[in-house]
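Engineer: My questions are about this predicted structure, shown below with the sequence.
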Amino acid sequence: MLYNDDIISGVEFRHTGDIVAVSRCTYKNNNIVKYESSVCSLPQYADLYMEEYAYENNLLSEIITFEVTPRIEIYEEQKYKVELNKNGKIVKLIGGFIKNGVWEKDHIININPKN
């Protein structure tokens, strides 16, 4: 792991010394705001995955993800609003895929946090 202010970078190696994957987490005000990772062992497998986080009053309010998988020509983007309980724990994600610029809010994920 490499630490530089509010950015933590990681590199995964094979036993041969070749780089397999890289990742980076970016923080602001002690909250993660972006996570990026790429599997890059071979050019045809150079996948990219990213998560972005938004906060309101220092509480998580929204998550956006996107993934690019070149070998099977896929690009997926999703967006979720976060519902928290009175203790600040995530209880529900509401959202879904973004297709042709339109956010499909038809997917609900219920989470059963303890407390």
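Structural biologist: Now that the structure is in, tell me what you want to look at.
Engineer: and the end-to-end length of stretch 11-22?
Structural biologist: Its first and final residues considered, stretch 11-22 spans 5 Å by CA to CA, to the nearest Å.
Engineer: what does it rub up against?
Structural biologist: Contact partners of stretch 11-22, identified using CB atoms under 8 Å, 6 or more residues apart in numbering, comprise 2, 9-10, 23, 37-41. From N, CA and C alone the C-beta is placed, and that goes for glycine too.
Engineer: Pick out whichever of those residues sits closest to residue 29.
Structural biologist: Closest approach between the contacts of stretch 11-22 and residue 29, by CB to CB: residue 9, at 19.7 Å.
Engineer: following whatever helix or strand the closest one lives in, which helix or strand comes up?
Structural biologist: Mapping residue 9 onto the secondary structure by DSSP states H and E places it in strand 7-13. Downstream of strand 7-13, the next assigned helix or strand under DSSP H and E is strand 19-28.
Engineer: Would you give the sheet partners of that next one, along with the direction of each?
Structural biologist: Paired strands of strand 19-28, with direction, are strand 7-13 (antiparallel), strand 31-39 (antiparallel) (DSSP bridges).
Engineer: May I see the buried residues of the strand holding residue 9?
Structural biologist: Across strand 7-13, burial judged by 16 or more other CB atoms under 10 Å covers residue 8.
Engineer: Now find how far off-centre it is within its chain.
Structural biologist: 15 Å (CA atoms, centre = their mean, to the nearest Å).
Engineer: again with stretch 37-56
Structural biologist: Remark: stretch 37-56 is offset 8 Å from the chain centroid, using CA atoms, centre = their mean.
Engineer: buried set for that stretch?
Structural biologist: For stretch 37-56, by 16+ other CB under 10 Å, it's 37-40, 47, 49-53.
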